[in-house]
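Peer 1: just to be clear, the model below is a prediction. Sequence and coordinates:
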Amino acid sequence: MIINASELAVRYNDQVVLDKATLALCEGDRVGLVGRNGCGKSTFLKILAGELAPDSGTVSRRRELVLGYLPQAFELDHTLNVQDNIRQGATHVLELIRQFEALPADSTRHAELEQRILALDGWNLDLRIQTAMSHLNAPAGSRQIDSLSGGEKRRVALCRAIVSRPDLLILDEPTNHLDPESIDWVADFLRSYPGSFLMVTHDRNFLDTVTNRMVELANGVFYSYDGNYTDYLLAKAERQATEELVERKRQSFLRRELDWVRRGPQARTTKSKSRLDRYYEIEGQKPPEQELDVELVIPPPPPLANRVLELAEVGMTLGERTLFRGLSFQFAAGMKIGVVGRNGVGKTTLLRLIMSEMPPTEGVVRLGGLTKINYVDQSRLQLHDEKSVFDEASDGTEYVIFGDDKLSLRGYLKRFLFTDDRINTQVKNLSGGERSRLLLARILKNGGNFLILDEPTNDLDLPTLRVLEEALINYPGCVLVVSHDRYFLDRVCTGMLVFNETNQTVVYNVGNYSDYLERVRRETAAASQPASTDETARKSVDDSPAAKTRKLTWNEERELEGMEGKILAAETEIARLEALFARPDFHREYGAKIKEINDELAAAKAQLTAHFARWEELEGIRHAFLAAKNGQRG
């Protein structure tokens, strides 16, 4: 065990955040901490990091524990440049090196320090800093902090947290504002990380990739589950199904006993008194806490014309830098299009072109006559801290136009989980998640039939994310979304616009983000295969190619032709089953079939793996035969 939090209690006015909560972390733990926004996750991380004291309870740490911490609201030293800020994360390593260099080589302490520095890989510190800065796309080391954007500052803070190789890494939303390539690098870094880590993130694909244990904070206490995020969903569904079964039995017992209690026997025997005590004991037990989900309300969109939005040979150059060129694309009703690419390639610029906030340097953007755009900004607009939730959501009216009907603003806000007392709360007293829900409520009530969302998943908790996904999937209008959340893109999108920095183009791919990645993998494999097969074929020409290569049989040719369809069918089935697990009502609707559905998912994944293996085998035979045939002709 490296750190133990025991019986922690934290209360803010009437809100209990931690209720005698206990959690221990051990060597090798790779823990994802989940829970609704405002439940106390960031508070708990601050307590572990020593930045906040609980009302009661203790935190004990292993002696000489080195701890790295990336808070959600971090601070950088504005008197130092980027590189010096990052080096601050390894202060303890630099201090060990300073002590080592100040001692004579024959001292006992000198040898101890050398072993400690080697264990921390301290001699390679500068190389690790440069590697982290490069892969996380951090700004140049000489830049001053005041010149950085919010996303750049976060990448600097993440570099600072990881360069020291601490025994325990505590990360609060490490993937926010990172592009897919940087997220993949952080995932690779954490998979090979020798220490332990505890992190809060809403990136479900990231959690599936790097964690071996999930901890949920709910109602002030921790629930621990072995495995990654998918394993957690399964185990939680089983726990909730068990709790509901226990509650049904409790209610059934109370109903049976209630008539006996009401009869009120005049002479209570010892046995009847014991039965009465048992009734009151069971009656006093609390039922399982019901989780409330946001009921995301998007007003029904007005109809779209035949032309929704058209991009004709659109390009954009800023200064001497060309972001993209030659983009032609026509949007149609019902399309859900994701936009992906590295930070800074021009994704937000493309959105601004579509909304006519700036003209393209080449090409034309044509907006349909009935198209009404509703934009959810990346900066999520500005909230006024002194206003109440009600005043911020209101535009001078107490109603929201919902198709042909009206919905009271209070009723509308309650669907975003704002209770009566929170509706009258000042914005400055809201949690990060509540602020995000308020902004979504304020923006989405404006309606529109073409939704544009720029990083909508930042700061939303997982239950709210699932509801947002369901709302967008069922939205009959058009959706264009910029996001780095792979899970979100997989669930919502039917097509991808992908930025290619190499040739300054934006390419359209049918399917979700995983479909796009699989096509890239297949194309890369196909591009690299001819070189190797050509070499093999040349060697086999000298050794009787007829004996070492063969042509695909007629049945194998037909099998190869149908392989892409089989792969697509398997991927569709996996997506359907994973969508079931992500449903808010999963445990209620499918609680009795958890094992059966899990087995189906495992079988579908195994089938997909088998299809890919067979596809590569058949392609290999075909390429080898063609290479050998061409070699013979030469």
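Peer 2: Structure's in. What do you need? Numbering: from 1, shown residues only.
Peer 1: in the stretch 501-634 of the chain, which spans are strands?
Peer 2: Here the stretch 501-634 of the chain has its strands, by DSSP state E, counting those that start in this stretch, at 505-510.
Peer 1: all helices of it, in order?
Peer 2: In the stretch 501-634 of the chain, the helices defined using DSSP state H, counting those that start in this stretch lie at 513-542, 545-548, 554-561, 563-582, 586-590, 594-633.
Peer 1: closest one to Leu440 among those?
Peer 2: In terms of C-beta to C-beta, the element of these nearest to Leu440 is helix 563-582, at 18.7 Å. All C-beta atoms are positioned from the backbone trio N, CA, C, and that covers glycine.
Peer 1: so which elements touch that closest one?
Peer 2: Contacts defined by 3 or more C-beta pairs under 8 Å, 6 or more residues apart in numbering; DSSP states H and E place helix 563-582 against helix 229-263, helix 486-492, helix 513-542, helix 594-633.
Peer 1: returning to what we had before: which one of the helices of the stretch 501-634 of the chain has the lowest average pLDDT?
Peer 2: Mean pLDDT is lowest for helix 545-548 among the helices of the stretch 501-634 of the chain, at a mean of 42.
Peer 1: now Phe189, nearest residue through space, not along the chain?
Peer 2: Leaving aside its sequence neighbours, Phe189 sits nearest to Ile162 (C-beta to C-beta, 6 or more residues apart in numbering; 6.7 Å).
Peer 1: average pLDDT for the helix or strand harbouring Glu114, rounded please.
Peer 2: Using DSSP states H and E, Glu114 sits in helix 108-119. Averaging pLDDT along helix 108-119 gives 85.
Peer 1: next one: it to chain centre, how far?
Peer 2: Offset of helix 108-119 from its chain centre (C-alpha atoms, centre = their mean, to the nearest Å): 40 Å.
Peer 1: which is the next helix or strand following it?
Peer 2: Following helix 108-119 in sequence order, the next helix or strand is helix 125-135 (DSSP H and E).
Peer 1: closest to Gly315 out of the helices of the stretch 501-634 of the chain?
Peer 2: Of all these, helix 513-542 comes closest under C-beta to C-beta, at 22.2 Å.
Peer 1: wait, a strand at Glu357?
Peer 2: No: if the criterion is DSSP: H, G, I helix; E, B strand; the rest coil, then Glu357 is coil and not within a strand.
Peer 1: could you report the neighbour count for Val66?
Peer 2: 17 (other C-beta atoms under 10 Å).
Peer 1: and what of Ala613?
Peer 2: Residues contacting Ala613 under the criterion other C-beta under 10 Å number 10.
Peer 1: need phi/psi at the residue nearest to Glu173 when sequence neighbours are not counted.
Peer 2: Distances taken as C-beta to C-beta, 6+ apart put Gln72 closest to Glu173, at 5.4 Å, once the chain neighbours are dropped. Main-chain dihedrals, Gln72, degrees, to the nearest 10: phi -70, psi -40.
Peer 1: what sits against Gln72?
Peer 2: With contact taken as C-beta atoms under 8 Å, 6 or more residues apart in numbering, Gln72 is in contact with 42, 172-173, 200, 432.
Peer 1: before we move on, back to that, relative to Arg255, which of the helices of the stretch 501-634 of the chain is closest?
Peer 2: In terms of C-beta to C-beta, the element of the helices of the stretch 501-634 of the chain nearest to Arg255 is helix 586-590, at 21.2 Å.
Peer 1: work out for me the element the nearest residue to Ala393 once chain neighbours are set aside sits within.
Peer 2: Closest residue in space to Ala393, ignoring its immediate chain neighbours: Arg442 at 5.0 Å, by C-beta to C-beta, 6+ apart. Assigned by DSSP H and E, Arg442 falls within helix 432-444.
Peer 1: can you give me how far that helix is from the chain middle?
Peer 2: Here the centre of helix 432-444 is set off from its chain's centre by 18 Å, with C-alpha atoms, centre = their mean.
Peer 1: avg pLDDT for the helix or strand following that helix?
Peer 2: Per DSSP H and E, the first helix or strand lying C-terminal to helix 432-444 is strand 450-454. Average pLDDT, strand 450-454: 89.
Peer 1: ok, now stretch 140-149?
Peer 2: Mean pLDDT, computed over stretch 140-149, is 87.
Peer 1: count the neighbours of the closest residue to Asp29 other than its chain neighbours for me.
Peer 2: Sequence neighbours aside, Ser196 is the residue nearest to Asp29 in space, at 4.6 Å (criterion: C-beta to C-beta, 6+ apart). Ser196: 20 surrounding residues under other C-beta under 10 Å.
Peer 1: looks like Ser196 contacts Gly28 (just checking).
Peer 2: Yes: taking C-beta atoms under 8 Å as the definition, Ser196 is a contact partner of Gly28 at 6.3 Å.
Peer 1: thinking again about what came up before, the helix holding Glu114 vs helix 125-135, what angle?
Peer 2: 20 degrees (axes from the mean of the first three to the mean of the last three C-alpha atoms, to 10 degrees).
Peer 1: mind picking out the helix or strand in this protein with the poorest mean pLDDT?
Peer 2: One helix or strand of the chain scores below all others by mean pLDDT, DSSP states H and E: helix 545-548, with a mean of 42.
Peer 1: Ile443 contacts Leu383, correct?
Peer 2: No: contact between Ile443 and Leu383 fails when scored by C-beta under 8 Å: they sit 11.5 Å apart.
Peer 1: so between the two, which is more surrounded?
Peer 2: Neighbour comparison, Ile443 and Leu383: the larger count goes to Ile443, with 19 against 16 (by other C-beta under 10 Å).
Peer 1: what's the local residue count around the closest residue to Glu7 other than its chain neighbours?
Peer 2: In space, and not counting its chain neighbours, Glu7 is closest to Gly57: 4.3 Å by C-beta to C-beta, 6+ apart. Gly57: 17 surrounding residues under other C-beta under 10 Å.
Peer 1: sec struct for Gly338, please.
Peer 2: Following three-state DSSP, the label given to Gly338 is strand.
Peer 1: picking up where we left off before, so the residue nearest to Glu7, which state does it fall into?
Peer 2: Classification of Gly57 by three-state DSSP places it in strand.
Peer 1: so it versus Leu48, what's the distance?
Peer 2: From Gly57 over to Leu48 the distance is 12 Å, taken as C-beta to C-beta, to the nearest Å.
Peer 1: which residues are in contact with both of those two?
Peer 2: What both Gly57 and Leu48 touch, as defined by C-beta under 8 Å, 6+ apart, is the set Ala5.
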